[in-house]
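Peer 1: Kindly return the folded structure for what I paste below:
(one chain, ligands or ions: 1)
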Amino acid sequence: MPEVLSITGLTAGYGPLRVLHEIDFNVEEGERVGLVGLNGHGKTTLFRAVSHLVGWQSGSIKLNGEEIGGTRSLGPGRRTSGIVRKGLAMTPQGDAIFPGLTVRQHLDCGAYSRLAWRERRRRRDTVMDIFPPLRKLEDALVGKLSGGERRMVSVGRALMVEASLYLVDEPSLGLAPKISASVIEALFSLPTEGRAMVIAEQNVALLTGRVDRMIGMHAGRLRGDVGHVGLE
Ligand SMILES: Nc1ncnc2c1ncn2[C@@H]1O[C@H](COP(=O)(O)OP(=O)(O)OP(=O)(O)O)[C@@H](O)[C@H]1O
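Peer 2: The predicted structure follows:
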């Protein structure tokens with residue numbers, strides 16, 4: 001299968017802090033990969049480096065064979081919209097919701113490309129098929145929803161564009177186990193054809209048996225052996 005994401009020699013951090021050390025990481029089309037590690041070991045920073053949202057970074061990152069890495073000189077976020085247009089969708093940790101928007105408005109925020117915006121009704125419908133509880137909440141303010149419903153909105157927003165790479169940061173954070181499992185099941189109900197997904201999690205059990213492979217992250221380095229990241 002072709003590689004959707006190919007990372008070579010990625011080093012990244014914030015100011016004087018070096019968080020990622022020479023990371024090599026590849027994800028093929030159709031793969032679901034679990035990225036597991038304790039708090040503060042760099043999972044979010046890896047996702048943010050792919051979307052150019054860290055303080056600084058160097059190394060090669062290829063999305064569908066096209067170079068999106070390198071050293072940024074324009075400041076965090078300046079290249080992000082271009083990378084999203086090339087096929088990246090990311091669900092940030094902790095929802096990053098806008099409490100004053102309705103569910104519909106919120107989902108529409110994710111229809112970022114021109115094509116996605118034109119097709120937003122159909123895409124909203126697809127998101128609601130994946131997360132049925134949202135259907136009756138379309139006009140509800142997101143700030144009034146339960147934690148599980150908010151997470152569905154947050155993940156659903158990333159599904160409003162047709163991306164080839166989905167980066168999902170700790171979908172279980174702060175949720176009851178049953179609700180986390182239902183969010184994960186819903187995510188995995190997406191067809192894998194033409195896309196790849198990386199899910200950062202501390203809850204290894206939630207991903208066990210559901211992903212194609214798991215990779216551990218410890219102190220800013222990837223470890224193939226998940227048993228050495230302090231979670232099992
Ligand atoms: N914006 C920032 N400015 C400075 N340091 C940061 C920033 N964001 C993260 N860090 C630091 O980078 C390191 C890695 O954090 P990161 O959030 O990538 O880890 P993580 O494995 O995703 O953990 P978590 O689940 O807590 O997000 C930590 O030492 C953290 O304090």
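
Peer 1: mind listing what's buried in stretch 147-164?
Peer 2: Of all the residues in stretch 147-164, those buried under the rule 16 or more other CB atoms under 10 Å are 148-161, 163-164. Placement of C-beta: from N, CA and C, glycine included.

Peer 1: Among those residues, which one lies nearest to Val127?
Peer 2: Nearest to Val127 among the buried residues of stretch 147-164: Gly156, at 4.0 Å, using CB to CB.

Peer 1: I'd assumed the closest one was in a helix, is it?
Peer 2: Yes. The assignment for Gly156 (DSSP: H, G, I helix; E, B strand; the rest coil) places it in a helix.

Peer 1: Next to the ligand, which bits of this structure? Give me the list.
Peer 2: By CB under 6 Å from any ligand atom, the residues of the chain that approach the ligand are 14, 17, 19, 37, 39-45, 93, 170.

Peer 1: Spatially, which two of those residues are the most separated?
Peer 2: Among the residues of the chain next to the ligand, the pair separated by the greatest distance (CB to CB) is Leu17 and Glu170, at 20.7 Å.

Peer 1: Pick out whichever of those two has more residues nearby.
Peer 2: The residue with more neighbours, out of Leu17 and Glu170, is Glu170; 22 against 11, by other CB atoms under 10 Å.

Peer 1: Contact partners for the closest residue in space to that one that isn't next to it in sequence?
Peer 2: Nearest residue to Glu170, sequence neighbours excluded (CB to CB, 6 or more residues apart in numbering): Gln93, at 4.9 Å. Contacts for Gln93 (CB atoms under 8 Å, 6 or more residues apart in numbering) come out as Thr44, Asp169, Glu170, Leu173, Ala200.

Peer 1: what about the nearest residue to the last one once chain neighbours are set aside, how many residues close to it?
Peer 2: Right, Ala200. With CB to CB, 6+ apart as the criterion, Ala200 has its nearest non-adjacent residue at 3.9 Å, and that residue is Lys43. As a burial measure, Lys43 scores 25 neighbours (other CB under 10 Å).

Peer 1: can you check the one 3 residues further on too?
Peer 2: Leu46 is flanked by 26 other residues according to other CB under 10 Å.

Peer 1: Leu145 now?
Peer 2: 21.

Peer 1: show me the residues around it that make contact.
Peer 2: For Leu145, the contact set (CB under 8 Å, 6+ apart) comprises Val103, Leu137, Val153.

Peer 1: tell me which of those is nearest to the ligand?
Peer 2: Val153 (20.2 Å; CB to the nearest ligand atom).

Peer 1: The closest one is in what secondary structure piece?
Peer 2: Per DSSP states H and E: Val153 is located in helix 147-158.

Peer 1: Report the inter-axis angle for the following helix or strand past that helix versus helix 147-158.
Peer 2: Sequence-wise, the next helix or strand downstream of helix 147-158 (DSSP H and E) is strand 165-169. Counting by axes from the mean of the first three to the mean of the last three CA atoms, to 10 degrees, strand 165-169 lies at 160 degrees to helix 147-158.
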